[in-house]
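>>> Sequence plus predicted model, see below.
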Amino acid sequence: MSFLVWLSRTAPAVWGRESDSIWAYPTILFLHTLGLAILVGFTTVIDFRVLGFSPRLPLAPLRRFFRFIWAGFWINAASGTMLLVMAPVKLGNPAFIVKMTCIALGVVNMLWLKREVFDVDGNTGPTGLATVSSLGRILAASSLFLWAVAITAGRLMAYVGAQR
């Protein structure tokens, strides 16, 4: 915790927290929202396709979305770290703990889904469209759930726990 307190006193953290500039806190928050939209948006498209929406849409081309998912993740990780450093008291917020747990599980789930659905040889049917295992569908449904809880917990951080 002392390390986070030290970080909260560094110039970038003070600038982000106390600056009147439009380029400070609002920009960091915008980047966090943008990263979230990219990460969860592309993940949701894959999840819905795996769950059977748009069954004529080939699954294989969606594999390219993972590069955008990772870009969104790293934008979120950087901006989220900055937001945390600006207010390290968030660590004591139960909603923050739920959010971070769901993010960690969401990333593991995403990697598992990629392996189960995209990295399996011979998972295409006679039409050339990918077939999805029951595990793949479970992973897609759990992905939607985990990201929804992470987003909700992130929003609730302003209203519950140590923030008061």
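Sure thing, it's come through. Residues are numbered from 1 along each chain as shown.
>>> Low-confidence stretches in this protein?
1, 121-130, 162-164 (pLDDT under 70).
>>> 90 instead, please
1-26, 55-58, 60, 84-92, 119-132, 158, 160-164 (pLDDT under 90).
>>> can you give me the helices in it?
2-8, 11-18, 25-50, 65-86, 94-113, 134-156 (DSSP state H).
>>> do you know which of these lies nearest residue 120?
helix 134-156 (8.8 Å; C-beta to C-beta). Quick note: C-beta positions are derived from backbone N, CA and C, even for glycine.
>>> From the contact counts, what lies against the closest one?
helix 25-50, helix 94-113 (3 or more C-beta pairs under 8 Å, 6 or more residues apart in numbering; DSSP states H and E).
>>> Those helices: which one's closest to residue 19?
Closest among the helices and strands packed on helix 134-156, using C-beta to C-beta: helix 25-50, at 7.1 Å.
>>> Could you pull out the buried residues of that closest one?
Within helix 25-50, the residues that count as buried by 16 or more other C-beta atoms under 10 Å are 25, 28, 31-32, 35-36, 38-40, 42-43, 45-47, 49-50.
>>> try stretch 11-28
Buried residues in stretch 11-28, counting neighbours by 16+ other C-beta under 10 Å, are found at 13, 15, 16, 17, 24, 25, 28.
>>> on that earlier part again, tell me the one among the buried residues of helix 25-50 nearest to residue 159.
residue 32 (17.5 Å).
>>> Give me the distance between the residue nearest to that closest one when sequence neighbours are not counted and residue 29.
Using C-beta to C-beta, 6 or more residues apart in numbering and skipping the chain neighbours, the partner closest in space to residue 32 is residue 79 (4.0 Å). Using C-beta to C-beta, to the nearest Å, residue 79 is found at 8 Å from residue 29.
>>> Please apply the same query to residue 53.
Taken as C-beta to C-beta, the span from residue 53 to residue 29 is 31 Å.
>>> Minimum distance to residue 60: which of the helices and strands packed on helix 134-156 has it?
Of all the helices and strands packed on helix 134-156, helix 25-50 comes closest under C-beta to C-beta, at 10.7 Å.
>>> burial of the residue nearest to residue 32, as a residue count?
Residues near residue 79, counting by other C-beta atoms under 10 Å, number 21.
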